[in-house]
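[1] please work out how this folds:
(2 chains)
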Amino acid sequence: MIMQNRRDRLDHDTEQLLLNKSYHQLTMQEAQSLEGKFSEASYTAARKILRDTQQMFARDVPMPDPAIRLHLQKVVAQQKNKTAVDSWWTALLNYRIPMWQPVAGLSLMMLYLVSPWANVTTNSENAQTIVYKTDTVYQDKAVFVKSTITASTTPRIRQANFSSDNEDTMKRNSVLDTLHGVVRDIRAFLPAPVTELSDTATMTNDTASISTLIGAIFRMEWGVNCFSSANNYSKSFVSNKLINNKALRLTTHPLAIEKGNFII
Amino acid sequence: MISFLKNYKKYSDEKLLPLVVNGDERAFNELYTRYEKKMYRFLYRMLNRDAERANDLLQDLFIKIIEKGDRFDTDRKFSTWLYAVAGNLCKNEYRRVERLTNNQEKLIMDVRPGAGDDMDFYLPNAIDRSLFTTRLTEALDELEAIHRECFILRYQEELSIKEISVAMDCPEGTVKSRLYYALRKLSDKLQIFQPEAKKNDYAKQTG
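    Okay, the predicted model is just below:
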């Protein structure tokens, strides 16, 4: 197959032989290289054609019309004017940017964006929170707790925030003592732990916190466990406890009355 | 003033081309001088020795260079690119003429003086050099366009096989093959001048 392809080609060596040597001048090796491609007669004919063609081409040199040069010179002059007008646009459109420049630029930009010193501003400050009806919103409320305040330091505060009346103060303390006793007793009967009445709350005379805690204890922890399941027992228990533990005093104080009414 | 000091004769073709595109007349004159005869001769042969059409195409060729020279791929050699553009112009011309006459053979016959079937009339008694040359020229005109172009580029313009492959945009093996077939066809057509060379000698040899 390769031989077949080579036979169909006029390679350089064969061409040089045709141009430079007659068939009789060929060496044995050269003649063998032509086997299958040229016979003696066809070699001689091809040689004559090639040589005569070259001579003819060398001899027969046609000349172009001189007017063409003059015409083309005018075209070049026009091109000069045209080039001057279009040079700006051409320069802009044909401007080629080396590949490394945009790559380097992008790399630097990416490096800057991911770097820790990049001051990236977002519009989160201006963003408005939209709450839908179906959303569950969790809110944290700050509770001021002075856990380090001891009982010895609190009288001045209690007196300041509460009534300055001694009798009133005594009533309040007795109410609180009663409540503490009630809570302790309740805790002893309940399977689940009951929320402690915060010492801090009582010390600071935080009536709102006291009210909330007592409400939570009786309404939920104790009420659910005791009132719902053993209603009668619980009621009598509470009543007895209240009576035995200064229940009368409890009811005399506005706060106690409120809680007492609720309880009973 | 400075431009007069430039010696464009030392400039390469590739260096002159941008100057020509920018309207430098001296650069154009230098480039045109280098290639006008070569390109005209090539076009003249490719167009079956029609001088008028060869002049037209020569002008078209250089107008293309002046106006579209910026499209030249600087990695290529200018001369091979020029031959490629000229070859394409010839192909366009063939198509145009073919459309007009609807028969390319008719064109060939029309532009070829004294050629035709009556050639046999001369052969037995007129085997002289001038007649052979005349017949050779005519046989060359009768070759297929691609074979003729290849043959002219090789033996008239003396381009290397590699340069021809670039100009004709084909592999070197194809160029060698086209040269071989061009030579074989010429031998067939001129077989009358070589009675000892049998008509089907090549066909037998190539099997």
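[2] name the residues that touch the helix or strand where residue A:18 lies?
    Here residue A:18 sits within helix A:12-20, counting by DSSP states H and E. Helix A:12-20 is contacted by residues A:26, A:30, A:33-34, A:37-38, A:43, A:46-47, A:50-51, A:54, B:161, B:179 when judged by CB atoms under 8 Å, 6 or more residues apart in numbering or on different chains. (Each C-beta comes from the backbone N, C-alpha and C, glycine too.)
[3] quick check, residue A:40 in contact with residue A:23.
    Yes. Contact criterion CB atoms under 8 Å: residue A:40 and residue A:23 qualify, at 4.9 Å.
[4] next, count neighbours for residue B:140.
    Residue B:140 has 25 neighbours, counted by other CB atoms under 10 Å in any protein chain shown.
[5] residues in contact with it?
    Residue B:140 neighbours (CB under 8 Å, 6+ apart): A:53, B:45, B:148, B:151-152, B:186.
[6] of these, closest to residue B:94?
    Closest approach to residue B:94 among the contacts of residue B:140 (CB to CB): residue B:148, at 10.8 Å.
[7] distance of the closest one from residue B:181?
    11 Å (CB to CB, to the nearest Å).
[8] does the closest residue to chain A within chain B lie in a helix or a strand, and which?
    Chain B approaches chain A most closely through residue B:23 (2.5 Å), counting by CB to the nearest CB. Assigned by DSSP H and E, residue B:23 belongs to neither a helix nor a strand.
[9] look up phi and psi at it.
    Note on residue B:23: its backbone torsions stand at phi 90, psi 20 [degrees, to the nearest 10].
[10] for the closest residue to residue B:78 other than its chain neighbours, what are its contacts?
    In this structure, residue B:78 finds its nearest non-sequential neighbour in residue B:13, 3.7 Å apart by CB to CB, 6 or more residues apart in numbering or on different chains. Applying CB under 8 Å, 6+ apart, we find residue B:13 in contact with B:31, B:34, B:78-79.
[11] could I get those residues as CSV with secondary structure?
    Listed next are those as CSV, based on DSSP: H, G, I helix; E, B strand; the rest coil:
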residue, secondary structure
B:31, helix
B:34, helix
B:78, helix
B:79, helix
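[12] highest neighbour count among the residues you listed?
    Within the contacts of residue B:13, neighbour counts (other CB under 10 Å) peak at residue B:31, which reaches 25 neighbours.
[13] how about the contacts made by the nearest residue to that residue once chain neighbours are set aside?
    Among residues not flanking residue B:31 along the chain, residue B:16 sits closest, at 4.8 Å (CB to CB, 6+ apart). By CB under 8 Å, 6+ apart, the contact set of residue B:16 is B:8, B:27, B:30-31.
[14] list the buried residues for stretch B:13-20?
    Buried residues in stretch B:13-20, defined by neighbour count with 16 or more other CB atoms under 10 Å in any protein chain shown: B:13, B:16-17, B:19-20.
[15] how about low-confidence regions in chain B?
    By pLDDT under 70, the low-scoring segments of chain B are B:1-5, B:102-129, B:193-207.
[16] centroid residue for it?
    In chain B, the residue lying closest to the centroid (CA atoms, centre = their mean) is residue B:42, at 3.8 Å.
[17] okay, and the helix or strand of chain A with the least pLDDT?
    Every helix and strand in chain A was compared by mean pLDDT, DSSP states H and E; the lowest is helix A:247-252, with a mean of 36.
[18] farthest pair in the contacts of residue B:140?
    Largest separation among these by CB to CB: B:45 and B:186, giving 13.6 Å.
[19] shouldn't the residue nearest to the centre of chain B be in contact with residue B:156?
    Yes. Contact criterion CB under 8 Å: residue B:42 and residue B:156 qualify, at 7.0 Å.
[20] surely residue B:142 meets residue B:186?
    No. The pair residue B:142 / residue B:186 is not scored as a contact, 9.1 Å apart, by CB under 8 Å.
[21] which one's more surrounded, the two?
    residue B:186 (24 against 18).
[22] ok, that one - contacts?
    Residues in contact with residue B:186 (CB under 8 Å, 6+ apart) are A:49, A:53, B:136, B:139-140, B:143, B:151.
[23] kindly recompute the last result at 6 Å.
    A:49, B:139 (CB atoms under 6 Å, 6 or more residues apart in numbering or on different chains).
[24] sticking with it, tell me its helix or strand.
    Residue-wise, residue B:186 maps onto helix B:172-189 under DSSP H and E.
[25] separation between the residue nearest to residue B:78 and residue B:20?
    The gap separating residue B:13 from residue B:20 is 10 Å, by CB to CB.
[26] next one: residue A:68
    Distance of residue A:68 to residue B:20, given as CB to CB: 15 Å.
[27] now do residue B:61
    Computed as CB to CB, the residue B:61 to residue B:20 distance reads 13 Å.
[28] what does residue B:192 give?
    48 Å.
[29] burial count for whatever residue of the stretch 51-200 of chain A ends up closest to chain B?
    Nearest to chain B, among the residues of the stretch 51-200 of chain A, is residue A:80, at 2.5 Å (CB to the nearest CB). Using other CB under 10 Å, residue A:80 has 14 other residues around it.
[30] cool, and residue A:109?
    The burial count for residue A:109: 10, using other CB under 10 Å.
[31] residue A:180 too?
    With other CB under 10 Å as criterion, residue A:180 counts 15.
[32] okay, it: pLDDT?
    On the pLDDT scale, residue A:180 is placed at 79.
[33] rewinding a little: so of the contacts of residue B:140, which ones are in helices?
    Of the positions in those, A:53, B:45, B:148, B:151-152, B:186 sit in helices, assigned by DSSP state H.
[34] which of those lies closest to residue B:95?
    Relative to residue B:95, and with distances defined as CB to CB, the nearest of those is residue B:148, at 15.8 Å.
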